[in-house]
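> Next comes the sequence, and after it the predicted model I'd like to discuss.
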Amino acid sequence: MMNNTVRKYFIKYTLEFIVIVLGISFSFLVQNIREETELDSNRQLIFKSLLGELESNESYITSRKKAFVREMYYVSKFLKDSLSKNKIKEYPENLSPLNPFLSAGTFNPSTSIYNSLINDGSFNLIKSSTLKSLIDEVYTINYKAIVHLVQLELEVANEADRFFAINYSKTYSKNFWFNKSDEKLTNSVFEIMENNYRFRALMVQKISYMEVKIVSMSKYIEKRNSLIKLLKNHIKDENQIN
């Protein structure tokens with residue numbers, strides 16, 4: 001009789017234990033599914049935010065590349081002694097034709113989404129190592145390469161600007177950068193540039209940075225386009241799963 005009682009309670013408590021364990025396991029399973037669903041949702045948001053930032057920079061990137069090519073074209077023509085007065089007049093009306101020589105075009109596409117992901121740790125939610133690597137290339141390696149070259153070019157441009165300020169102070173004081181309407185002044189400035197070997201040497205140095213900058217820009221655009229395509233694929237895949 002005792003054995004039957006023990007067996008009865010053993011079976012009862014064993015079943016209760018199994019039910020409790022299964023209940024806890026099921027709760028953990030549901031919680032894990034809920035957390036994974038939330039992570040998937042967050043990843044989708046990350047992909048869409050990055051894609052939106054990249055696509056919003058499209059017109060800026062296009063205009064920057066166009067400006068970089070134009071600036072190098074003018075310096076190249078100058079060094080080849082083929083920069084005519086008519087070509088100078090063709091320079092965009094709202095800009096100074098001295099920009100290619102005494103300045104350097106900036107490069108600062110929006111990176112706020114990427115910076116935010118890095119700062120708050122959300123970047124680690126991205127599973128794909130290929131995607132993470134490509135994001136890093138676009139937002140750090142390729143981007144910083146262009147910024148660095150712009151800075152090097154700007155240093156040469158500033159030196160060329162100081163060259164005019166120190167050696168041709170009278171001409172410089174006439175605000176010759178933006179006094180485009182004074183054709184006589186503009187022509188005299190370019191004559192000084194053409195006949196001064198110190199200035200020409202600076203332009204040889206400047207164009208070397210410009211050439212590498214344009215190559216880096218092309219690589220940046222290539223990687224950026226690949227990243228946009230990959231992000232779209234990930235968004236599509238996630239939508240199909242969900």
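Looks like it came in fine. Residues are numbered from 1 along each chain as shown.
> show me where pLDDT drops low in this protein?
Under the criterion pLDDT under 70, the flagged ranges of the chain are 1-40, 176-181, 237-242.
> for it, what spans make up the helices?
Counting by DSSP state H, the chain has helices at residues 2-56, 58-79, 85-89, 99-102, 112-120, 129-136, 143-167, 169-172, 183-195, 197-241.
> Give me the contacts around stretch 104-119.
Contacts with stretch 104-119, where a contact means C-beta atoms under 8 Å, 6 or more residues apart in numbering, come from 46, 49-50, 52-53, 56-57, 60-61, 64, 67-68, 71, 99, 122-123, 135, 139, 143, 146-147, 150-151, 153-154, 156-157. All C-beta atoms are positioned from the backbone trio N, CA, C, and that covers glycine.
> Pull up the distance across it, start to finish.
End-to-end distance for stretch 104-119: 30 Å, by C-alpha to C-alpha, to the nearest Å.
> Any buried residues in it, and which?
104-105, 107, 109, 113-114, 117-118 (16 or more other C-beta atoms under 10 Å).
> Please apply the same query to stretch 97-104.
By 16+ other C-beta under 10 Å, the buried positions in stretch 97-104 come out as 97-104.
> what do you get for stretch 196-208?
For stretch 196-208, a neighbour-count test (16+ other C-beta under 10 Å) marks 199, 202-203, 205-207 as buried.
> Just the residues contacting stretch 214-232, thanks.
Residues from elsewhere that reach stretch 214-232 (C-beta under 8 Å, 6+ apart): 47, 50-51, 54-55, 61, 64-65, 68-69, 72, 130-131, 134-135, 137-138, 142-143, 145-146, 149.
> Kindly write the ChimeraX command that selects the buried subset of these.
Of these, the buried ones go into a single ChimeraX selection, burial set by 16+ other C-beta under 10 Å:
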select :47,50,51,54,61,64,65,68,72,131,134,135,137,138,142,143,145,146,149
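> Can you tell me, leaving aside adjacent residues, what's nearest to Gln151?
The shortest distance from Gln151 to any residue other than its chain neighbours is 7.9 Å, reached at Ala104 (C-beta to C-beta, 6 or more residues apart in numbering).
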